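*Asks:* next one to model:
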Amino acid sequence: MKKLANQTAIITGSSSGIGQAIAIAMAKEGANICINYHSSEDGAEETQNEIEKVGGSSIIVQADTSKPDDVKKMFDQTIDAFGTVDIVVSNAGVQKDAPFMEMEYEDWKKLIDINLNGQFLCAKQAAKEFIKRGVVKDRSGAAGKIICMSSVHDIIPWGGHINYATAKAGILMFVKTLAQELGPHKIRVNALSPGAIKTDINKEVWSDEEASKKLKELIPYGRIGEPEDIGKAAVWLASDDSDYMQGQTLYVDGGMTLYPGFSDNG
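*Replies:* Sure, this is the predicted structure:
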């Protein structure tokens, strides 16, 4: 029996990178997938092709997850296609980097709108559907699962990325508080915090031998993560294997949060 059989998952920002890997991993475990993209339709189609290769079903929905009407449209189209939603992975995010004294307010606001406010909007629509439908015992012990994509920078400060780190830190407490409120409805809320993962956004680092070597000094396990590492963790969090996990942030980082600079007594 596949871990997510007969369930439907919305994965925002699933046209590339981590979101794409999660979509494929969940499809392998039997979930129907809503592939969401903001601007890369080609990437969304690539994700859909990969899902078809593993025998999965999917739809593609363009939506800006920082806009309430777009988020509602995404949920409505998914429910029209598959009947309901069981899993929501709020993965969509951007980076707009600059030192604090050089950062424009618009770059601060845009990132917070997408990386943090988008989490609120997706979780709100998910909770409405989960509460209305309740638990369906032949699918899952939970009424629904919300997984928020965070980062090790929810607890590790990151100079030159204050907007990003602030949004991720916000997700940490958002998840805890939301889990506290939604737990009585049998809705599970957790987060994933990846470390350094090989995606296009940081390709210039992991594809350069010297830069990659320097990055690995921050990772006790000695390797840079693959998107599939996060896909596997997301499947686990969405499945009943993790049914007693609530309000937690799972760090998938090769040990980056262990402060390796102190490994030889500081």
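
*Asks:* ok, now how distant is G170 from N163?
*Replies:* Taking C-beta to C-beta, to the nearest Å as the measure, G170 falls 11 Å from N163. In short, each C-beta sits where N, CA and C put it, glycine included.

*Asks:* buried ones in stretch 160-168?
*Replies:* 161-168 (16 or more other C-beta atoms under 10 Å).

*Asks:* any chance of these in CSV, with secondary structure and pLDDT too?
*Replies:* Below are those laid out as CSV (DSSP: H, G, I helix; E, B strand; the rest coil; pLDDT from 0 to 100):
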residue, secondary structure, pLDDT
H161, coil, 96
I162, helix, 97
N163, helix, 98
Y164, helix, 97
A165, helix, 97
T166, helix, 98
A167, helix, 98
K168, helix, 98
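
*Asks:* which pair in the residues you listed has the greatest spatial separation?
*Replies:* Maximum pairwise distance among those (C-beta to C-beta): 10.9 Å, between I162 and K168.

*Asks:* excluding its backbone neighbours, what's nearest I201?
*Replies:* In space, and not counting its chain neighbours, I201 is closest to Q95: 6.5 Å by C-beta to C-beta, 6 or more residues apart in numbering.

*Asks:* pretty sure that neighbour contacts L111?
*Replies:* Yes: the pair Q95 / L111 is scored as a contact, 7.2 Å apart, by C-beta atoms under 8 Å.

*Asks:* which one's more surrounded, those two?
*Replies:* Between Q95 and L111, counting by other C-beta atoms under 10 Å, L111 is the more crowded of the two (24 against 12).

*Asks:* grab the nearest non-local neighbour of that one.
*Replies:* Of all residues not flanking L111 in the chain, N163 sits nearest, at 4.3 Å (C-beta to C-beta, 6+ apart).

*Asks:* if I look at the one you found, how far off is N115?
*Replies:* From N163 to N115 the distance is 8 Å (C-beta to C-beta).

*Asks:* helices and strands around the helix or strand bottoming out on mean pLDDT in the chain, which ones?
*Replies:* In the chain, no helix or strand scores lower on mean pLDDT, DSSP states H and E than helix 203-206, which sits at a mean of 85. In terms of contacts (3 or more C-beta pairs under 8 Å, 6 or more residues apart in numbering; DSSP states H and E), helix 203-206 is packed against helix 209-216.
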